[in-house]
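Enquirer: quick check, what structure comes out for this input:
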Amino acid sequence: MNAASIPVIETKRLVLRGPEAEDYPNFKATFTSYRARFMGGPLNTYEAWMLYAAEIGHWQIRGFGMWMIHDKDTDETYGMAGGWQPAGWPEPEIAWIIWPEKAGKGYALEATHAARQYLYTQGGWDGAVSYIDPKNLDSIRLAERLGAKKDHDAQTIDGSDAVYRHPSPAALCDSQLTHGIEMEIGHYADPLFTPKGWAID
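Expert: As a prediction, the model looks like this:
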């Protein structure tokens, strides 16, 4: 699967498209920073380059992968979201990463919700998990907002991660959860909106 054949997803504020070479500097800046501490980082320059190459190659090998999150109006990148299942992953994962300066504005919620819908309706997925470091409270809050629940019986990657299981496609279809997520995304799109409590990435 080449970059041109990776599907493009549009949401209220965002465009999700396949990772390209020009997106690498923002990816490198994040994965070589403290922000990557829950994802095996901070990485050195070589490790960050290899991981980005893997992001692109994942689409070729699996037929799905992580989309780069772009602002619909400015084309600025905000992070990545999508499917991830490298060697050693017990199940397909819904994953995300937001650049540090873009956190707390609902971009990950909006992008991940759209990516999950695509993988369920177009990708043939019948479910998914997210593997999260138990200390990564931001990602845990987002997973729970997406309706994922901690699965104590699921196989982990290496024993140090928590497994959050997402609702099935049938459970999400026209559900109160889905309507609530979409309403919240609409709130985040309002420039005057100030979230109460912890803002969701």
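
Enquirer: going forward, measure contacts and count neighbours with C-alpha atoms only.
Expert: OK.

Enquirer: helices and strands around the longest helix anywhere in the chain, which ones?
Expert: Longest helix in the chain by number of residues (criterion: DSSP state H): helix 45-62. When contacts are defined as 3 or more C-alpha pairs under 8 Å, 6 or more residues apart in numbering; DSSP states H and E, helix 45-62 packs onto helix 24-31.

Enquirer: would you mark the buried spots in the helix it packs on?
Expert: Buried residues in helix 24-31, counted by 16 or more other C-alpha atoms under 10 Å: 27-31.

Enquirer: same check, this time on stretch 52-60
Expert: 52, 55-59.

Enquirer: farthest-separated two in the residues you listed?
Expert: With C-alpha to C-alpha as the measure, no two of the buried residues of stretch 52-60 lie farther apart than Y52 and W59, at 11.8 Å.

Enquirer: what are the boundaries of the helices in the chain?
Expert: Going by DSSP H, the chain shows helices at 24-31, 45-62, 107-121, 137-145, 169-172, 176-188.

Enquirer: how far off centre is the second one?
Expert: Think helix 45-62. Chain-centre distance of helix 45-62: 16 Å, with C-alpha atoms, centre = their mean, to the nearest Å.

Enquirer: could you list the low-pLDDT ranges of the protein?
Expert: Applying pLDDT under 70 to the chain flags the ranges 1-4, 41.

Enquirer: any idea which of the buried residues of helix 24-31 is closest to A103?
Expert: The closest of those, once distances to A103 are taken by C-alpha to C-alpha, is T30, at 11.9 Å.

Enquirer: check contacts around the spatially most central residue of the chain.
Expert: By C-alpha atoms, centre = their mean, the chain has its centre lying nearest to W96, at 2.3 Å. By C-alpha atoms under 8 Å, 6 or more residues apart in numbering, the contact set of W96 is 66, 79-82, 108, 112.

Enquirer: pull the longest strand from the protein.
Expert: If you go by DSSP state E, the chain has its longest strand at strand 77-84.

Enquirer: what pairs with that one, parallel or antiparallel?
Expert: Strand 77-84 has its sheet partners listed here by DSSP bridges as strand 66-71 (antiparallel), strand 93-98 (antiparallel).

Enquirer: would you list the ones you listed in a markdown table and tack on distance to T156?
Expert: Formatted as a markdown table, those follow (distance: least, C-alpha to C-alpha, whole Å):
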| stretch | distance to T156 |
| --- | --- |
| strand 66-71 | 20 |
| strand 93-98 | 11 |
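
Enquirer: and of the ones you listed, who's closest to D23?
Expert: The nearest among the strands paired with strand 77-84, by C-alpha to C-alpha, is strand 66-71 at 7.9 Å.

Enquirer: just the CA atoms of the closest one, as CSV, please.
Expert: Provided in CSV are the C-alpha atoms of strand 66-71 (Å, rounded to 0.1, in the frame of the first residue of the first chain):
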residue,chain,number,x,y,z
MET,A,66,-1.5,5.2,12.0
TRP,A,67,-2.8,8.3,10.2
MET,A,68,-1.1,11.7,10.6
ILE,A,69,-3.6,14.2,12.2
HIS,A,70,-3.7,17.5,10.2
ASP,A,71,-5.7,20.7,10.9
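
Enquirer: many thanks, have a good one.
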